[in-house]
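Only the shape, not the letters, is given here:
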């Protein structure tokens, strides 16, 4: 398990690891901090002060009732089930080890997260659930994977690509390629702006503190092509489309 760090502010712990040599990287740093704070507040159970018109939206009621996660979740294992003894890196893992059936898969879980609250929750409870499979959660951004090259059989990144511009994804993919073994798989999802829920969900997320990029599917397809990956399979969802790619 990774060594647990003091629960300091995000700016002091994660942002310091992000290079600031260009305006582009400064923008990424600000966006990462924004998304981290949005999810820290949710994981801490803090109340969000939202306008009445947002609270009147059906999607807000689904969020409050707990129905929304089932609509927006991407069950990555339906197109890429982790195999026994595989090393899997879950980038932006949230609290996934606590809710996904890792013990059934008998695959090794490594997590990377920008939320200090989620990181601490998993590191506190993960080994109690299964000390063999749980390999700890590191705090850090997706474009700087602090792992040796060719370490993982699979990398997973679901639920968060829409919070960042497409050029950020190109940088992430290069890092994922580096840490994957030859023949390894990368599974991720993208927001489909044509889905009926997309615009309302983007509005809700913006008021919760994280801006959403409603990028056309065609632009995403061009970006995926530009990364040099090969699409092995894909699966549409109610809000996000899942992709399984190889290098």
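In hand now; what should we look at? What you are looking at is a predicted structure, and each value in this text was computed from that prediction instead of being measured.

hey, what's residue 240 bridged with?
residue 191 (DSSP bridges).

For it, give me its contacts.
72, 74, 158, 159, 162, 189, 190, 191, 192 (CB atoms under 8 Å, 6 or more residues apart in numbering). All C-beta atoms are positioned from the backbone trio N, CA, C, and that covers glycine.

Is the fifth one located within a strand, as I assumed?
So that's residue 162. No - counting by DSSP: H, G, I helix; E, B strand; the rest coil, residue 162 is not found in a strand; it is helix.

which residues does it contact?
The neighbourhood of residue 162, defined by CB under 8 Å, 6+ apart, consists of 190, 191, 202, 212, 213, 214, 215, 240.

Please enumerate the strands of the chain.
Here the chain has its strands, by DSSP state E, at 87-91, 108-113, 134-139, 152-157, 180-191, 230-235, 240-246.

okay, these in CSV with distance to residue 36 and mean pLDDT next?
Conversion of those to CSV gives the following (distance: least, CB to CB, whole Å; pLDDT from 0 to 100):
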stretch, distance to residue 36, mean pLDDT
strand 87-91, 14, 98
strand 108-113, 9, 98
strand 134-139, 9, 97
strand 152-157, 16, 98
strand 180-191, 19, 97
strand 230-235, 28, 96
strand 240-246, 20, 97
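
Output those strands in a markdown table; the columns should cover distance to residue 220.
Converted to a markdown table, those look like this (distance: least, CB to CB, whole Å):
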| stretch | distance to residue 220 |
| --- | --- |
| strand 87-91 | 17 |
| strand 108-113 | 22 |
| strand 134-139 | 27 |
| strand 152-157 | 13 |
| strand 180-191 | 5 |
| strand 230-235 | 11 |
| strand 240-246 | 8 |
